[in-house]
Structure formats: structure tokens, C-alpha cells
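A.B. asks: what's the 3D shape of this:
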Amino acid sequence: METTDSINPIEAISAAVEAQAHTTDIDMLAVKSVNDTLIDASREPDPEPLYDKLWYQGEVSCLFADSNIGKSLFAVQIAEGIAQRFRVLYLDCELSAKQFQDRYTNKKTGQLHRFPDNFFRATIVPARMDLKDWEDRILGNIEKAALQMKTPVIIVDNIGYLCNNAEKGQDAGTFMMKLLKLKQQYAWSILIIAHTPSPSASAPRMKTSASSSN
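C.D. replies: As a prediction, the model looks like this:
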């Protein structure tokens, strides 16, 4: 099975150069014919499924659901599976180290669960928090951590801790655009965990909405 390490760099560079030759740049837009788009894309390596067919290499995806139904458990399960092949950075904003350890300890034997060595957990240190320009600073920290740990796969649990106004569609959209920029810059795969918002007393629950709950 092909990994990011097995991609031929010469072929990848050649494909990128040829693709650029067919492109007209107009400020933030890159324009090319549909036929050139197909030809250039066919020269690129096919993205590998990271977890079944739910998430592929090079995608920014979102896993959202109501609170307390096991999103974090599922996210760690996904990360563990991917870490068999790739280095994974999991930003855990939900559990303390002790809570995480308790969750992955056999209650009968006291045996700690053994995760792949490619699986890395990051947490935010409260004493080092600086709320000025919070979102840009935490994204910068994630970028530095992923580069230093050489993790092409990143899971953030959850967006509510990083985006101050995640329940507002415009603010959450802007934050996701910043993540897309990181993805495009480094060819990273990013999974965002989110809660469905807490509904007001008069508003019906919308199953398709995703953001952080209060």
C-alpha cells in the first residue's frame, strides 16, 4: 500500500510544474480548462483512504454529533487505525491526561492499552494560554507541532475550544478556511470534531448543523 513516503518526488514535481503551465492565475483564483484539469489531476497520485471510505488523504473533514455519544472515542479509534501507517497528531481539548489514561486502562487487570508509536497526543497548557489573537495563535501552534512531529494527519477534538464563535456559521467558516490553507500548504489530512449546537427552547433541533455546544 502506497504511503506519502513512497510517492516519487520527481514525478510529483513534474506533475505540479505541468499543472501550473496550464493555469491562469487571477488574484485568489486559479483558472484552467476542464480538460486540462482532468489531465493534470490524472498525473497526481490517487489519495489513499485513511479510515475506510469516510476520510481520504488530503481532506479536511468534520465529524459532528450530539454531546456524550462517543465522538472522542471514535476519533481516537480512527487515529489509532491510521497510526498503523502514518504519524498522527491528536489535539485533545476534552480530557486530562488522567482521564485519558483511565479510559484506556483495563479495569479488571490494570493493563494500559498499547497504542502505535506513531500516535501523538497534544494538549493546551492553561498556564501558557494567551487569549490575544487566540485562533491564529493556536493554529500556529498546531502548524509548528505537526511540522516538528512530522505528522501529516491531524485530528482536532474539538473545534469549540479553538474557534471562539464556532456556533456562528460565518466565524466557523472563516476558521475552516484557515485549516484549508494549512491543508493545501502541507498536503495534510485534517479531521475536526464538533458538537451539534445546544438548541434554544423555541428552535427545533437541526440534524445537519455542526458547531460547538455550550
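A.B. asks: What are the buried residues along the longest helix seen in the chain?
C.D. replies: Taking DSSP state H as the criterion, the chain has its longest helix at helix 169-186. Within helix 169-186, the residues scored as buried using 16 or more other CB atoms under 10 Å are A172, F175, M176, L179, L182, K183. Every C-beta, even on glycine, is put in place using the N, C-alpha and C of the backbone.
A.B. asks: And the second one, how far from E135?
C.D. replies: This points to F175. F175 sits 6 Å away from E135, taking CB to CB, to the nearest Å as the criterion.
A.B. asks: before we move on, what about the third one?
C.D. replies: Computed with CB to CB, the distance linking M176 and E135 is 11 Å.
A.B. asks: For this protein, which segments count as helices?
C.D. replies: Using DSSP H, helices in the chain cover 9-21, 34-42, 71-82, 97-103, 134-149, 169-186.
A.B. asks: Kindly reformat those as a markdown table containing distance to G110.
C.D. replies: Shown next, in a markdown table, are the helices of the chain (distance: least, CB to CB, whole Å):
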| stretch | distance to G110 |
| --- | --- |
| helix 9-21 | 47 |
| helix 34-42 | 52 |
| helix 71-82 | 20 |
| helix 97-103 | 11 |
| helix 134-149 | 29 |
| helix 169-186 | 39 |
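A.B. asks: Dump the ones you listed into CSV; add distance to R114 and mean pLDDT as well.
C.D. replies: Conversion of the helices of the chain to CSV gives the following (distance: least, CB to CB, whole Å; pLDDT from 0 to 100):
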stretch, distance to R114, mean pLDDT
helix 9-21, 34, 59
helix 34-42, 40, 92
helix 71-82, 10, 96
helix 97-103, 13, 97
helix 134-149, 19, 92
helix 169-186, 29, 82
